[in-house]
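Peer 1: Pasted the sequence and its predicted model underneath.
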Amino acid sequence: MSAAAPATERPLASPMFRALWIATIVSNVGTWMHDVGAGWLMTSLSPDPLMVALVQAATTFPMFALALPAGALADIVDRRRLLIAAQVFGLAGAAGLAAITLAGLTTAWVLLVFTAVIAVGAAFSAPAFQAIVPELVQPKALQQAVALNSLGVNIARAIGPALGGVIIAASGPAAVFAVNALSVVGVIIVLFRWRRAVPDRHLPAEHMVGAMRAGLRYAMRAPELQVVLIRSVGFFVFASGLWALLPIIARRDLGLGPAGYGGLLTFMGLGAIGGAILMPKMRGRMGANMITLAASTLLAAAMAALSLADGFWTASAALFVAGLAWIAMMASLNGGAQATSPGWVKARALAIYLLVFQGSMAGGSALWGSIASRIGVPSTLLAAAALLALAGMALAWRFPLDKASTLDLAPSAHWPAPIVDGDVDVEHDSGPVLVTVEYRIDPAKVPAFFTEMQKMQRIRRRDGAIHWGIYEDTAAPGTVIESFTVESWLEHLRQHDRVTNADRVQQEALRAFQTSDTPPLVRHFVTQH
């Protein structure tokens with residue numbers, strides 16, 4: 001028997017991560033119970049299928065609409081305080097809905113409003129919750145921590161709907177809403193007990209709009225994060241066919257009732273638990289790219305088997321395999337998003353990942369639902385499975401994930417502070433700022449140097465440059481000037497904070513072209529108004 005992994009590789013060895021993980025599972029169980037209670041109550045309040053569908057829309061739309069603002073806010077303010085405020089907001093919504101329902105005052109629109117209020121709290125929590133994971137565990141335990149978080153969602157999915165149905169049958173929807181409110185209390189207590197080490201900031205916090213622009217700019221200029229996002233679209237668009245069509249398969253094709261449908265979800269949750277247990281061994285033998293390829297292929301096979309299932313047990317076996325593949329893919333993609341985003345933009349990068357996830361799932365569900373109405377559910381699920389397998393193989397070859405785990409995105413702080421003459425007053429809002437870097441290169445190596453400098457263009461623009469260029473002196477071949485423009489002096493100071501160890505490696509590769517050991521000459525020019 002192999003020895004147990006050291007504590008640095010086991011996220012549950014961290015008391016705070018362990019407490020928050022358990023509390024979050026309880027809270028997620030309450031969320032799934034609310035979903036069951038809200039859907040059931042709406043069928044009593046309004047027989048209109050549109051109103052019933054709007055319950056799901058009220059649950060998911062706030063996450064889609066608010067993910068990026070929530071991510072920006074989580075990078076600007078203290079994440080612990082933001083999480084506490086968001087949880088209290090959601091608790092108030094759940095408690096209010098319970099009280100109004102108990103009093104018999106809930107209408108269809110009141111139910112939708114309170115469901116949306118609860119979802120707003122969840123939307124502001126999601127990016128911050130994901131962004132604090134690296135603060136709670138050691139770097140070697142990050143991937144396993146991400147897998148455990150995905151596992152917690154699946155555990156809640158397996159327990160919540162069934163428990164919610166039992167409570168509704170015994171006491172009515174108001175009791176489910178009250179239990180949902182109580183389920184949040186544990187998370188709030190854990191967050192209050194967390195003594196988070198808030199990083200020192202010597203620069204003012206970013207403004208909301210600027211922070212959102214910076215997050216989008218980072219995603220557009222960070223190729224490793226783009227790989228994660230592309231792989232996410234290529235997986236979720238096709239995998240969404242399983243979630244979109246499963247209720248129809250359970251009710252119409254398999255003839256199951258609510259208890260049978262809950263049983264299918266339970267088997268998928270059990271598969272996810274098995275996948276979480278296997279993930280550490282899988283990572284030791286396979287890289288992230290091979291895991292995602294295997295997960296796509298396995299989920300495609302499970303979807304194909306589900307389309308041919310003729311009873312509860314064959315469908316359950318297919319969904320057990322689907323749960324295993326789902327958590328392997330979710331952990332790999334979420335871990336990739338974590339690993340490709342530095343601390344200053346982590347919540348925003350994860351928010352963009354959530355946007356891609358939610359958008360791909362929503363768009364894919366609508367697509368497969370529309371196709372199923374024309375060619376039938378089994379044929380549609382088979383088509384989605386085939387395309388998932390093909391997309392998985394093509395994207396794993398064209399956009400491999402393994403590079404993400406090799407990035408060192410810790411702040412390097414190797415840029416010297418800009419030199420400012422004592423008689424010059426440079427305010428934070430001064431600008432635009434033009435920065436030039438003068439290199440002395442062997443003229444024969446200038447073409448190779450220009451090619452390598454394209455990587456630096458991406459880094460400059462990613463961290464705030466609005467213009468970038470590189471030029472060679474016609475009178476002195478080998479004298480090369482790199483120039484980039486930043487909106488303000490404050491934004492340039494932020495560039496100094498954003499540079500990482502991975503960027504430092506790239507700069508050292510460029511300096512190897514220098515004909516002397518003298519560092520490149522850096523100058524700063526500020527527009528005078």
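Peer 2: Looks like it came in fine.
Peer 1: host element of the residue nearest the centre of the chain?
Peer 2: In the chain, the centroid-proximal residue (C-alpha atoms, centre = their mean) is residue 350; its distance is 3.5 Å. Using DSSP states H and E, residue 350 sits in helix 346-375.
Peer 1: which helices and strands does that helix pack with?
Peer 2: When contacts are defined as 3 or more C-beta pairs under 8 Å, 6 or more residues apart in numbering; DSSP states H and E, helix 346-375 packs onto helix 49-76, helix 108-131, helix 208-221, helix 223-248, helix 312-339, helix 377-398. Heads up, the C-betas are built off the backbone N, CA and C, glycines and all.
Peer 1: chain center to that helix: distance?
Peer 2: 13 Å (C-alpha atoms, centre = their mean, to the nearest Å).
Peer 1: for the stretch 201-350 of the chain, what are the low-confidence residue spans?
Peer 2: Residue ranges of the stretch 201-350 of the chain with pLDDT under 70: 258-259, 262.
Peer 1: How many neighbouring residues does residue 528 have?
Peer 2: A count of nearby residues for residue 528, using other C-beta atoms under 10 Å, gives 5.
Peer 1: my read is it is in a strand, agree?
Peer 2: No: according to DSSP: H, G, I helix; E, B strand; the rest coil, residue 528 belongs to no strand; its state is coil.
Peer 1: measure it to residue 171 for me?
Peer 2: Note on residue 528: its distance to residue 171, by C-beta to C-beta, to the nearest Å, is 71 Å.
Peer 1: number of nearby residues for residue 252?
Peer 2: Residue 252 is flanked by 10 other residues according to other C-beta under 10 Å.
Peer 1: residues contacting it?
Peer 2: residue 377 (C-beta atoms under 8 Å, 6 or more residues apart in numbering).
Peer 1: From residue 108, how far off is the residue of the chain positioned farthest from its centre?
Peer 2: Farthest-out residue of the chain from its mean C-alpha position, per C-alpha atoms, centre = their mean: residue 475, at 50.7 Å. From residue 475 over to residue 108 the distance is 77 Å, taken as C-beta to C-beta.
Peer 1: And residue 282, by the same measure?
Peer 2: Taking C-beta to C-beta as the measure, residue 282 falls 47 Å from residue 108.
Peer 1: And residue 425, by the same measure?
Peer 2: Distance of residue 425 to residue 108, given as C-beta to C-beta: 61 Å.
Peer 1: Can you pick out the residue with more neighbours from the two?
Peer 2: The residue with more neighbours, out of residue 425 and residue 108, is residue 108; 17 against 8, by other C-beta under 10 Å.
Peer 1: Tell me if I'm right that that one and residue 44 touch.
Peer 2: No: the criterion here is C-beta atoms under 8 Å, and residue 108 misses it with residue 44 at 9.6 Å.
Peer 1: follow-up on the earlier one: where does the residue farthest from the centre of the chain land in three-state SS?
Peer 2: When classified by three-state DSSP, residue 475 comes out as coil.
Peer 1: ditto for the one 10 residues further on
Peer 2: Recorded secondary structure, residue 485: strand (three-state DSSP).
Peer 1: Can you pull out the low-pLDDT segments for this structure?
Peer 2: Across the chain, the ranges flagged by pLDDT under 70 are 1-9, 47-53, 56-57, 199, 258-259, 262, 403-406, 422-423, 529.
Peer 1: domains in it, as residue ranges please.
Peer 2: 10-196, 206-405, 433-526 (automatic domain parsing).
Peer 1: Would you mind giving the ones you listed as JSON lines with distance to residue 419 added?
Peer 2: Output for the domains of the chain, formatted as JSON lines (distance: least, C-beta to C-beta, whole Å):
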{"stretch": "domain 10-196", "distance to residue 419": "29"}
{"stretch": "domain 206-405", "distance to residue 419": "24"}
{"stretch": "domain 433-526", "distance to residue 419": "8"}
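Peer 1: Which one, of the ones you listed, ends up nearest to residue 411?
Peer 2: Nearest to residue 411 among the domains of the chain is domain 433-526; the distance by C-beta to C-beta comes to 6.3 Å.
Peer 1: picking up where we left off before, any idea how far residue 15 is from the closest residue to the residue nearest to the centre of the chain other than its chain neighbours?
Peer 2: Excluding the flanking residues, the one nearest residue 350 by C-beta to C-beta, 6 or more residues apart in numbering is residue 130, at 4.5 Å. With distances taken as C-beta to C-beta, residue 130 is found 20 Å from residue 15.
Peer 1: So these two - more neighbours on which side?
Peer 2: When neighbours are counted by other C-beta under 10 Å, residue 130 and residue 15 differ, and residue 130 comes out ahead with 23 against 10.
Peer 1: quick one, what contacts that one?
Peer 2: Counted by C-beta under 8 Å, 6+ apart, residue 130 has contacts 149, 334, 338, 347, 350, 354.
Peer 1: Same check on residue 93?
Peer 2: 114, 117, 118, 120, 121.
Peer 1: now do residue 20
Peer 2: Residues near residue 20 by C-beta under 8 Å, 6+ apart: 136, 187, 190, 191, 194.
Peer 1: about what we covered before: ok, which of the helices and strands packed on helix 346-375 comes nearest residue 421?
Peer 2: Using C-beta to C-beta, the helices and strands packed on helix 346-375 put helix 208-221 closest to residue 421, at 28.1 Å.
Peer 1: Backbone dihedrals for residue 481, both of them.
Peer 2: With angles defined as degrees, to the nearest 10, residue 481 sits at phi -110, psi 120.
Peer 1: Which residue, other than its chain neighbours, is closest to it?
Peer 2: In space, residue 481 is closest to residue 471, 5.0 Å off (C-beta to C-beta, 6+ apart).
Peer 1: Show me what counts as buried in the helix or strand hosting the one you found.
Peer 2: Element membership of residue 471, judged by DSSP H and E, is strand 465-472. Residues 465, 468, 470, 472 are the ones in strand 465-472 that count as buried (16 or more other C-beta atoms under 10 Å).
Peer 1: Please apply the same query to stretch 419-428.
Peer 2: Result for stretch 419-428 [16+ other C-beta under 10 Å]: buried residues residue 426.
Peer 1: and it, C-alpha only, in CSV?
Peer 2: Written as CSV, here are the backbone C-alpha positions of stretch 419-428 (Å, rounded to 0.1, in the frame of the first residue of the first chain):
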residue,chain,number,x,y,z
ILE,A,419,13.0,57.4,-11.7
VAL,A,420,11.3,60.8,-11.1
ASP,A,421,13.2,64.0,-10.8
GLY,A,422,12.5,65.8,-7.5
ASP,A,423,11.3,68.9,-9.3
VAL,A,424,8.7,67.0,-11.4
ASP,A,425,5.3,66.4,-9.8
VAL,A,426,3.8,63.3,-11.3
GLU,A,427,0.2,62.7,-10.1
HIS,A,428,-1.5,59.4,-10.3
